[in-house]
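Participant: With the sequence up front, the predicted model follows.
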Amino acid sequence: MAPRRTTWPLLALFFILLMAAFLRFYRLGSLPPGLYHDEAYNGLDALSLLAGESFPRFYEGWELYAQDAHAGRPPEPTRWPVFFEGNYGREPLHVYLMALSIRYFGATPFAIRVVPALAGVLAILTTYLAARSLFPQDRDRFMRGELLPLVAAFSLAVLYPALHFSRFGIRAMVMLPVLTMAVFAFWRGWRASGRWSLVWLAGSGIFVGLGFYTFAAARLFPLTFIAFGLFMLWADRQALVSRWRGLALALTTSLLTAAPLLLFFARYPYFFVFRMAYVANRGKGVVEGSPLVTWGLNIGRVVRGLFWLGETHLRHNLPGRSYMDPIQAILFLTGLVKLARRWARPENVFLIIWFGVMLLPSILSGDAPHFGRLTGVGPPVSILIAVGVTWITEAMARRASQKFWVGATLAVLTLPSLILTTRDYFSRYASHPDLARDFYLDDWQMGRYAAEQPAETVLYLTPSQEEMATIYYALADPDRLRSFNGQDGLIPAGVLGFPSLYLVRPQAEETLANLRDYFAGSTVETDPTSSAFTSLQVPAEIERIVNPAEEPVDFGGVIGLPGWGVAVDREVVDVTLTWQAFKAMETDYTAFVHLIDETGTIISQTDRQPAGFPTSDWRPGEIVVDTFRVEIPADLIAGDYRLRTGFYYLPTMEQLGTTVLSQPVQIDGLNP
């Protein structure tokens, strides 16, 4: 039995959502492979939320940027931030939703990506609602006007960039359901009267305000309503005036909803402009010192990206693939022509304005066309495609006597896009040879390898690298692993009584050799699943202090010196210092080794921080071994001298503690 006429649109919508969910969740945890840095950084903030940490928190030195923001006004620690300051600053809604996901699915790539995937499916439903409110049912039209919103939903479901960013764990896709609900509620309120008009318009304002918590591009979205209001002021002032209470209520609810974030930006304006200024002045398309020229050129780049030559960045697109496939592009232009023929209709003007406003985030950036910043055009593009499809299908229905030809026309206009998108993402994109590298698969595998080690194992990575978020998230604990540069010979020797694991990159062969020499009895292993690192296992019973001192030295109860060794050559004195951290330190101290005579006069000296492993990274109880080379002056007379060592804080020259080791040393001298 065929479904009733009133239920078939819901059944069609259900199957569209089911198809969209399959496209977005199929192999979601493994495609893309690994976990890109920005995805992982969001996950780290979500983990900190679940752990009850105070914010702001930083994981890779982003506090250096925050020092500029907070130079005149220190941050107020909070349990529930309205803005996450690390990694250029990010709106909070995505991170909070991700915390819920991680709570149920664990610290996995799937937990990171399930949020944009769900948002992508929800956006299809809300785009259907937005299209339905823009172009309501009409019993005199083909299929009672139900075709257009259904095709809009289908078009967004198979739009390649919408699928791509639904499977990428960044916050852009979370914006779409919020903004499309704002459009849906606005047009319900615009078409209603009385109390319901006020309710719907107030709801629209809430969603506009909520958009500020999703993605920076949403800050431009209110321009859609401002431009539409200016048009109505010119075209139909009475219609605008008759709704002034509802519009005022919408403005009020949007400001109240966005108020916590707006107050944060008022307190720290640095974070409001920092990211926007950064993206506006970086990229191949930037004309230095001429932003207007850059933006003018970007218009052409964005238009080209929509229709025939898309973004080439692999993380954002199948390189070169246009935003719309050829069939979608033709249908989009058809829909645009259809609306232009009836340009004075408010809904037509609103849709075109909405599309134009959401192009701005990419036009105003330095690396246009940036498909991530074009995420907001997905719904208006899909609705315009639906306008084109509906126009052609209705024309066929008026001419064809058999429903078969109408159905065939609809299939020809829509199904090829499903096939092209599926092929391009799950075959061409998935098999791209650089995909694993761009999504940091090596870091993810190394982090998971480290996470499988016993909880008491002390973990190290060498050499240091700028972006650590993927490894930290794989560990589900950014404080568990430390990185160091061992090319100058420094060795973090672990904690007494605990095993250590050293993850050594292929380029750090000399460091690996030094570690093997220092730890006799250590074991070298290579992970068969990855050639990105070699692991060196050091059991707990292996000696950490190879040159113990008879009387250990204590520098202010912060750092100890339980061992040292001295080797004198004709030209240099090599001093091997074995330190032990007694407590965690926020300060990067400078160590010094001075060669002094019997009067305390400095003959020669070496002052520097521990090589490649600053004291702020040291764990309580950790042993660190470093060698300082002090040159012997060519005219130094043979005799008895002393070596003096300790720590101080360079900006203030304040010495750490009062005890300084002074060790006698015999110098033969270069001149007899």
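Facilitator: Perfect, thanks for sending it. Residues are numbered from 1 along each chain as shown.
Participant: going forward, measure contacts and count neighbours with C-alpha atoms only.
Facilitator: Fine.
Participant: in a strand, that's where Leu561 is, yeah?
Facilitator: Yes: assessed with DSSP: H, G, I helix; E, B strand; the rest coil, Leu561 lies in a strand.
Participant: can you pull the contacts of it?
Facilitator: By CA atoms under 8 Å, 6 or more residues apart in numbering, Leu561 lies in contact with 552-555, 577-580.
Participant: what ranges of the stretch 1-150 of the chain fall below the confidence cut-off?
Facilitator: 1-6, 138-144 (pLDDT under 70).
Participant: Go again with 50.
Facilitator: 1-4 (pLDDT under 50).
Participant: how about the helices in it?
Facilitator: For the stretch 1-150 of the chain, applying DSSP state H, counting those that start in this stretch gives helices covering 8-25, 37-50, 63-69, 93-105, 109-134, 147-158.
Participant: how about CSV for these, with mean neighbour count and distance to Pro478 added?
Facilitator: As requested, those are arranged in CSV below (neighbours: other CA atoms under 10 Å; distance: least, CA to CA, whole Å):
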stretch, mean neighbour count, distance to Pro478
helix 8-25, 17, 28
helix 37-50, 23, 8
helix 63-69, 16, 15
helix 93-105, 20, 16
helix 109-134, 26, 16
helix 147-158, 27, 36
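Participant: Out of these, flag the one nearest Thr652.
Facilitator: Closest of these to Thr652 is helix 63-69, at 18.6 Å (criterion: CA to CA).
Participant: Report all helices and strands that that closest one contacts.
Facilitator: helix 269-280 (3 or more CA pairs under 8 Å, 6 or more residues apart in numbering; DSSP states H and E).
Participant: Pipe the contacts of Leu561 into CSV and attach distance to Leu415, pLDDT and neighbour count per row.
Facilitator: Below are the contacts of Leu561 laid out as CSV (distance: CA to CA, whole Å; pLDDT from 0 to 100; neighbours: other CA atoms under 10 Å):
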residue, distance to Leu415, pLDDT, neighbour count
Pro552, 77, 86, 13
Val553, 77, 90, 18
Asp554, 75, 92, 21
Phe555, 73, 94, 21
Leu577, 70, 96, 22
Thr578, 69, 96, 25
Trp579, 68, 97, 25
Gln580, 67, 97, 27
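Participant: tell me which of the residues you listed is nearest to Val524?
Facilitator: Of these, the one sitting nearest to Val524 (CA to CA) turns out to be Thr578, at 23.8 Å.
Participant: and the gap between that closest one and Tyr518?
Facilitator: Separation of Thr578 from Tyr518 (CA to CA, to the nearest Å): 12 Å.
Participant: before we move on, the earlier item: nearest to Glu452 among the helices of the stretch 1-150 of the chain would be which one?
Facilitator: For Glu452, the closest of these is helix 109-134, at 16.5 Å, according to CA to CA.
Participant: name the helices or strands packed onto the closest one?
Facilitator: Looks like helix 109-134 contacts helix 8-25, helix 37-50, helix 93-105, helix 147-158, helix 160-166, helix 175-191, helix 378-399 (3+ CA pairs under 8 Å, 6+ apart).
Participant: Please tabulate those helices in CSV and include distance to Leu475 as additional columns.
Facilitator: Below are the helices and strands packed on helix 109-134 laid out as CSV (distance: least, CA to CA, whole Å):
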stretch, distance to Leu475
helix 8-25, 24
helix 37-50, 10
helix 93-105, 13
helix 147-158, 34
helix 160-166, 25
helix 175-191, 29
helix 378-399, 35
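Participant: Closest to the geometric centre of this protein, which residue is that? Let me know.
Facilitator: Geometric centre of the chain, nearest residue: Asp38, 2.4 Å, by CA atoms, centre = their mean.
Participant: got a list of what that residue touches?
Facilitator: 87, 169-170, 469.
Participant: 7 Å - rerun?
Facilitator: Residues counted as contacts of Asp38 (CA atoms under 7 Å, 6 or more residues apart in numbering) are Ile170.
Participant: With Pro9 instead?
Facilitator: Pro9 touches Glu146, counting by CA under 7 Å, 6+ apart.
Participant: Return the distance of it relative to Met19.
Facilitator: On the measure of CA to CA, Pro9 and Met19 end up 15 Å apart.
Participant: again with Glu598
Facilitator: For Glu598, the distance to Met19 - CA to CA - is 84 Å.
Participant: got it, and Pro269?
Facilitator: Taking CA to CA, one finds Pro269 at 43 Å from Met19.
Participant: Any idea how many residues pack against Ser431?
Facilitator: 12 (other CA atoms under 10 Å).
Participant: Tell me if it really is in a strand.
Facilitator: No: under three-state DSSP, Ser431 falls outside any strand and is assigned coil.
Participant: Sitting in strands, which of the contacts of Leu561 do you find?
Facilitator: Among the contacts of Leu561, the members falling in strands (DSSP state E) are 552-555, 577-580.
Participant: check which helix or strand covers the closest residue to Leu220 other than its chain neighbours.
Facilitator: Closest residue to Leu220 apart from its sequence neighbours, by CA to CA, 6 or more residues apart in numbering: Val357 at 7.0 Å. Using DSSP states H and E, Val357 falls within helix 346-363.
Participant: Can you list the helices and strands that that helix packs against?
Facilitator: Contacts defined by 3 or more CA pairs under 7 Å, 6 or more residues apart in numbering; DSSP states H and E place helix 346-363 against helix 222-235, helix 291-307, helix 378-399.
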